[in-house]
Every structure is written in C-alpha cells, then in structure tokens.
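Only the shape, not the letters, is given here:
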C-alpha cells in the first residue's frame with residue numbers, strides 16, 4: 001500500500017497543473033468554477049479578525065460540524081488502530097492473512113473518497129445548494145458506517161465481516177472528504193480554513209478517544225463486539241447532528 005501511495009503521488013506531480021498558469025480556455029474556467037458559491041472573479045481574501053474567529057462558535061453550523069466530525073473520526077479510527085488486532089484476536093486470522101486482509105478496507109476507502117466527491121459534485125449539477133450537496137454524502141456515509149458496523153461485529157463469517165468493514169471504511173473516507181469540502185461551502189472565504197480546523201479538532205478528539213476506549217472495552221469484556229456497537233451508535237448520532245444541525249452557511 002505504501003508503494004501505491006508513492007506511485008499515486010508521482011502521477012499527481014506529473015499530471016497536475018496550476019489552473020492559473022495553465023492557460024485554460026474560458027469554457028474550462030467556467031467548468032472549474034461550477035459549484036462555487038461566489039461566481040464573480042477571484043478577489044483577495046480579507047484577513048480574518050479575532051472577533052470573526054470567535055464568532056464562528058456562535059453558529060449552530062460550527063458546533064454541529066465539530067460534534068459531527070467527532071463521530072466520523074471516532075468510528076474511522078476504531079478500525080484504523082484496531083483492525084489488525086481485531087482480525088487476529090476476534091476473528092482468529094493468522095498474521096499473514098491479517099496482513100493481506102487489513103489492506104483491503106483501506107483500498108476501498110481510497111475509492112470511497114473519490115466516489116463521494118463525484119456524488120457531491122453530481123448533486124450540485126442537479127441544482128442542489130453547495131452546503132446541502134456536501135452534507136448529504138456525509139449523512140448517508142455515516143449512517144451507512146453505523147449500519148455496516150453492526151453485522152461486522154456480529155456475523156460469524158470472516159469474509160462477510162471483512163466485506164462489511166470494507167464498506168465502513170469506504171463510506172467513512174467518503175464522508176470525511178466531504179466534511180472538508182463542507183467547510184468551503186459553509187463559511188466565507190476568509191473563514192474556511194478556521195472552520196475546517198475547528199471541525200477537525202472534533203475529529204481529533206474522536207480519533208484520540210476511539211483506540212483508548214476500544215482497547216479498554218475489549219480488555220474488560222474479552223470481545224470487540226461492545227466497542228464496535230458503541231462506535232456504530234456514535235456514528236449514527238453524529239450523522240443526525242450533521243443532518244439537523246448544519247443547515248445555513250455562516251455569514
């Protein structure tokens with residue numbers, strides 16, 4: 001998987017071109033601007049003041065994105081940190097089999113991030129608002145994460161369990177990518193980076209808590225099932241927070 005990442009990086013370096021320096025035709029410039037909330041020409045972004053930064057936390061959208069990303073990060077990091085141990089301890093896989101099997105979900109996650117981005121852009125082309133087109137894949141992805149985690153924890157078949165885990169990571173990476181895109185739709189240009197950062201703070205809290213709580217529960221119960229089911233509940237609650245809490249862009 002590391003080699004695949006290096007190959008992907010090399011391809012990106014060779015293929016990518018700066019849009020401003022590529023001499024694009026007017027048609028291509030219009031295509032790149034599709035879905036932007038500001039249709040006018042690019043202008044210098046004003047520096048954000050401390051009062052504007054603090055004002056982010058007065059908006060329900062900001063708090064909802066922090067709490068929502070907590071759940072996304074929590075369940076994603078349950079599998080990132082504990083997947084090899086889960087497959088060996090709970091599923092009784094050999095070390096060699098675990099090494100191969102543990103790579104499959106993350107390959108699916110890479111595909112999931114691309115599919116979610118395409119789906120989000122497709123919603124914009126169909127006339128959905130930028131903030132809704134970013135939010136809907138997040139909500140669907142996190143609900144799917146929750147649903148697929150339940151059979152991953154309970155089924156007897158290792159193949160079915162691995163397939164469900166792969167779907168969880170597929171949906172989780174897609175939801176995570178759209179969460180970052182949501183910041184660009186939910187905040188004015190001079191506050192996009194700050195909104196993305198505070199949202200990511202919630203994700204880091206979930207990501208830090210997940211391996212600790214999962215390990216503690218597995219040790220106390222001698223099973224990963226309670227930890228996975230708790231992760232599913234957290235992901236579902238966070239999806240509902242995104243759904244009902246993120247409604248209007250921050251002004």
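Looks like it came in fine. Given the structure is predicted, the values throughout are model-derived calculations rather than measurements.

all contacts plus neighbour counts: C-alpha atoms, from now on.
Will do.

Show me where the stretch 151-251 of the chain has its helices.
158-186, 192-221, 225-245 (DSSP state H, counting those that start in this stretch).

was I right about residue 172 contacting residue 143?
No - Residue 172 lies out of contact with residue 143 (Cα atoms under 8 Å); the separation is 9.7 Å.

higher neighbour count, these two?
Taking neighbours as other Cα atoms under 10 Å, residue 172 and residue 143 compare with residue 172 leading, 29 against 22.

For residue 139, which non-adjacent residue is closest in space?
Nearest-residue entry for residue 139: residue 239, 4.9 Å, with adjacent residues in sequence omitted and distances by Cα to Cα, 6 or more residues apart in numbering.

tally of neighbours for that neighbour?
So residue 239, with other Cα under 10 Å, has 30 neighbours.

for the stretch 1-150 of the chain, which spans come out with low pLDDT?
Applying pLDDT under 70 to the stretch 1-150 of the chain picks out residues 1-2, 19-25, 27-46.

Walking through it, point out its helices one by one.
Under DSSP H, counting those that start in this stretch, the stretch 1-150 of the chain gives helices at 2-15, 26-33, 50-55, 60-89, 95-101, 103-125, 130-154.

so which of those helices gets nearest residue 181?
helix 130-154 (6.5 Å; Cα to Cα).

circling back to that earlier point, take the helices of the stretch 151-251 of the chain and write them to JSON lines, including mean pLDDT.
Formatted as JSON lines, the helices of the stretch 151-251 of the chain follow (pLDDT from 0 to 100):
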{"stretch": "helix 158-186", "mean pLDDT": "93"}
{"stretch": "helix 192-221", "mean pLDDT": "92"}
{"stretch": "helix 225-245", "mean pLDDT": "95"}
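
okay, these, which one's buried deepest?
helix 158-186 (a mean of 24; mean count of other Cα atoms under 10 Å).

how distant is that one from the center of its chain?
6 Å (Cα atoms, centre = their mean, to the nearest Å).

try stretch 88-95
For stretch 88-95, the distance to the chain centre is 28 Å (Cα atoms, centre = their mean).

which parts of that stretch are buried?
88, 90, 91, 93 (16 or more other Cα atoms under 10 Å).

contacting residues around that stretch?
87, 98, 158, 223, 224 (Cα atoms under 8 Å, 6 or more residues apart in numbering).

Ok, which of the helices of the stretch 151-251 of the chain comes nearest residue 136?
Proximity to residue 136 (Cα to Cα) singles out helix 225-245 among these, at 7.7 Å.
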